[in-house]
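K.L.:
When you get a sec, could you give me coordinates for this:
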Amino acid sequence: MWCQYKALPLVVIFTLGLHLMCAMPARAAGARVSAQFSVSREDLLGMTSALPRRVHDRILARPKDFLQMLGKILDESADLLLLVDKRHPLPADYAPLDIVRLHKDYGLDVSFADVPVSKTIMPAVLEMTRAARTDGVTLVFSSGYRSYEYQVSVYEREVKMYGKETADRESAQAGMSQHQLGTAIDLGSITDAFANTRAGKWMTAHAWEYGFSLSYPFGCEEVTGYRYESWHYRYITRAGTLMQREFFDDVQQYLVEFLHQNRAALEAKRLTQG
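P.N.:
Coordinates of the predicted model:
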């Protein structure tokens, strides 16, 4: 259309431009893009500016779908998607109040000692375990909730055995471990060999269906702060894993960082629930 007016005097072009703008359907720059949130496209631009460009573009291409899925996440307990990493530690006294044990209380397969977890995740754990068994796969759980004090000893042991540089790539300092949440689990051998086991391959394909997300994926050490851990999964709800796969490159860290930075603003702008 611009080429059609190229040879016209500037004043005519300006007048025609104003006429066309007035004739277009009204859409204020700050108009909201969802019935659930008083969030405009400009708001989303600001909220997603720190994300990788491909993630940012994916969200801006489908803002209504994004905010609809986001509403379901905000219905869940905030602790289930809390950001816990090397820059965002938990308080030393943080502990789930509903600890249960996978073998003693539910008869699930464990290695080493029994595995404590938050009872909150048990419906998903049990459903996932049953589904794996139906496929002929046995899930063996190796680690769950760890207190702040226990993580001190875990980290110190890693440093003593492998040196601080190596320990920092694969073991969290106290307060910085997702295990303190009670919603993270380790499976199998807790070694790289787990990835190629039947259980490891099954988890890669199906864990997300039950709300479990691989916390430290391959090739994401610069993003997560930890090397690839094929055995470490965190429950972030089914809404969370769906959102992670659909909009956040299937990287948990991107999702929880986004929520950490924007949850309060989104809650304040929320218009409807459910």
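
K.L.:
where along this structure do the helices fall?
P.N.:
Along the chain, the stretches classed as helices by DSSP state H are 10-23, 41-47, 53-61, 63-74, 102-106, 122-134, 148-162, 164-170, 198-206, 221-224, 238-247, 252-268.

K.L.:
I'd assumed residue 190 was in contact with residue 141.
P.N.:
No. Assessed by CB atoms under 8 Å, residue 141 is found out of contact with residue 190, at 10.5 Å. C-betas here are computed from N, CA, C, even on glycine.

K.L.:
residues touching the nearest residue to residue 64 once chain neighbours are set aside, list them.
P.N.:
Closest residue to residue 64 apart from its sequence neighbours, by CB to CB, 6 or more residues apart in numbering: residue 34 at 5.4 Å. Residue 34 is in contact with 63, 64, 67, 68, counting by CB atoms under 8 Å, 6 or more residues apart in numbering.

K.L.:
Counting neighbours, which of these comes out on top?
P.N.:
residue 67 (21 neighbours; other CB atoms under 10 Å).

K.L.:
Quick check: that residue vs residue 41, distance?
P.N.:
11 Å (CB to CB, to the nearest Å).

K.L.:
Now the common contact residues for these two.
P.N.:
With CB under 8 Å, 6+ apart as the test, residue 67 and residue 41 both reach residue 33.

K.L.:
By mean pLDDT, flag the weakest helix or strand of this protein.
P.N.:
helix 10-23 (a mean of 39; mean pLDDT, DSSP states H and E).

K.L.:
that older thread, just the local confidence number for the residue nearest to residue 64, please.
P.N.:
Residue 34 is assigned 89 on the pLDDT scale.

K.L.:
you'd agree residue 99 is up against residue 116?
P.N.:
Yes. Here residue 99 reaches residue 116: they are 4.9 Å apart, a contact under CB under 8 Å.
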